[in-house]
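Peer 1: missing the sequence, but the structure's below:
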């Protein structure tokens, strides 16, 4: 079915994504004279990586159409008379198509797409399980390639299920579909260390999970940030052998530096990765995004505004989000007139109002249209966004102290506004958690809750939910685990219908799982 030459070309093309970018990877496949299922499979992964790097909905639509076409071709080919290994490889590619379509559905971030993605995962899971059972009947020398291909799929299915929102997870449990995160990670490790064409994709997913998802969602299994750091470093060492000189993996070095709370080294890594991107605009934009938040955390408002403006012009992903960030950063830098123009343009750029992030943007634009941003309130908002996107949690003591000093020095400017006063207190509370000053952290977080109890506007905000969530961290720091558990449960039961609620619920679930059991 697939000649050795075609298999080598497929492997090389997937590796090239991470060295020279999507266009070069596609070029390798198009220049090969021949048709083979493994080439289609490689193109499926190339298109999906492009989607996950850009989150461009038009690119996702094109990729999903291609995945359906490949699935249909493989289904037709599987009806022919083939050897057992070729038959199983086709079944795996068909399952891969469902799996990749599920990832694209999740990337769209609406409840409908989460459910659709869950159903696609279920279909893929059944197919991988069937192949795994059939592999046992193959001779030993024919098993390894099929096992590695199957491991990647089973790994993604199990990890993905463990990360879906609780509402969707409950629906999936009702139909007997559950995931095992530990099994999934072990399967991905096996795939990443194999010679299968999917190995680089498995590495990318492992890095994304350990270095991005775990810290953001609080999935730390009791080991703090040391677990994600060590896991990430282990995969990066492997990547240096298999895919040397990859700007994308240099980007992940920056993420790990963030987790180590070394902001300076993180900025160096992102700068190096951005300058080495060449034909990889997607990676360049990822690096710029991270660099912008480094600038925010170090209170360099003009530089942050310049980066977000560049992203507005150069990135197809979420122009509404980048325009909103640019508008706030411009106001923080003192350019109120240009900020107002950009802010008014944000609603026009929103494509899917059902997506959680777009809902957040619509709400904030409505608020800031009524109450015009001053340089200081804009700076509070930028730091609050940095908290919301979990950047405060990766700051070292020096950065946290500078943020707190700035906010407390300028506290009088916002004392009369319950939203900005609460946002400032939340950021200070989160910063004090990072510097392990539990008393100061609790004082700031309780200020948010006092505002919430007396102000109608605050009751509909995400701030009291996040303050209660952070109080759990304060109690855990003190070893008061029953209080921490109670705060996590309150976060979920007392607050609802606020922005990015699903993200908070995921962190609550992970926090409860990580706490020591009572008794």
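Peer 2: Happy to help now that I have it. Keep in mind that what you see is a predicted model, and the values were worked out from it rather than measured. Numbers count the residues shown, from 1 in each chain.

Peer 1: which is the next helix or strand following the lowest-mean-pLDDT helix or strand in the chain?
Peer 2: Of all helical and strand segments in the chain, the minimum by mean pLDDT, DSSP states H and E falls on helix 456-459, at a mean of 60. Next in sequence after helix 456-459, counting helices and strands by DSSP states H and E, comes helix 463-478.

Peer 1: is the residue sitting furthest away from the middle of the chain part of a helix or strand, or is it coil?
Peer 2: Within the chain, residue 81 marks the point farthest from the mean C-alpha position, 42.4 Å out by CA atoms, centre = their mean. Assigned with DSSP: H, G, I helix; E, B strand; the rest coil, residue 81 falls in the coil class.

Peer 1: what about it, distance to residue 143?
Peer 2: Distance, residue 81 to residue 143, using CB to CB, to the nearest Å: 22 Å. C-betas here are computed from N, CA, C, even on glycine.

Peer 1: check residue 66 too.
Peer 2: 30 Å.

Peer 1: which one is residue 143 nearest to, not counting chain neighbours?
Peer 2: Once flanking residues are discounted, residue 143 sits nearest to residue 135: 5.7 Å by CB to CB, 6 or more residues apart in numbering.

Peer 1: can you get me a residue count around that neighbour?
Peer 2: 20 (other CB atoms under 10 Å).

Peer 1: if I pick it, what's in contact with it?
Peer 2: 88, 143, 146, 147, 150 (CB atoms under 8 Å, 6 or more residues apart in numbering).

Peer 1: what's the neighbour count on the second one?
Peer 2: Burial of residue 143, expressed as a neighbour count using other CB under 10 Å, amounts to 16.

Peer 1: one more: the fourth one?
Peer 2: Here the number of neighbours of residue 147 (other CB under 10 Å) works out to 20.

Peer 1: so it is in which element?
Peer 2: Counting by DSSP H and E, residue 147 is part of helix 140-163.

Peer 1: ok, now residue 295?
Peer 2: Secondary structure (DSSP H and E) places residue 295 in helix 281-297.

Peer 1: pLDDT averaged over that helix - what is it?
Peer 2: Mean per-residue pLDDT for helix 281-297: 91.

Peer 1: cool, stretch 381-394 as well?
Peer 2: 91.

Peer 1: buried ones in it?
Peer 2: Residues 381-388, 390-394 are the ones in stretch 381-394 that count as buried (16 or more other CB atoms under 10 Å).

Peer 1: ok, of those, which one's closest to residue 107?
Peer 2: residue 390 (18.5 Å; CB to CB).

Peer 1: counting neighbours, what do you get for the nearest residue to residue 500 once chain neighbours are set aside?
Peer 2: Distance criterion CB to CB, 6+ apart; nearest residue to residue 500, sequence neighbours excluded, is residue 356 at 5.6 Å. Residue 356 sits with 16 neighbouring residues when counted by other CB under 10 Å.

Peer 1: repeat for the one 5 residues further on
Peer 2: Summarising burial for residue 361: neighbours were counted as other CB under 10 Å, giving 23.

Peer 1: next secondary structure element downstream of the helix or strand containing it?
Peer 2: Assigning secondary structure by DSSP H and E places residue 361 in helix 356-370. Following helix 356-370 in sequence order, the next helix or strand is helix 375-388 (DSSP H and E).

Peer 1: and that next one, what does it pack against?
Peer 2: Under the contact definition 3 or more CB pairs under 8 Å, 6 or more residues apart in numbering; DSSP states H and E, helix 375-388 sits against helix 281-297, helix 301-314, helix 319-332, helix 397-409, helix 418-434.

Peer 1: could these be laid out in a markdown table, adding distance to residue 27 and mean neighbour count?
Peer 2: Output for the helices and strands packed on helix 375-388, formatted as a markdown table (distance: least, CB to CB, whole Å; neighbours: other CB atoms under 10 Å):
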| stretch | distance to residue 27 | mean neighbour count |
| --- | --- | --- |
| helix 281-297 | 16 | 23 |
| helix 301-314 | 22 | 20 |
| helix 319-332 | 28 | 26 |
| helix 397-409 | 42 | 17 |
| helix 418-434 | 45 | 25 |
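
Peer 1: out of these, flag the one nearest residue 347.
Peer 2: helix 319-332 (7.8 Å).
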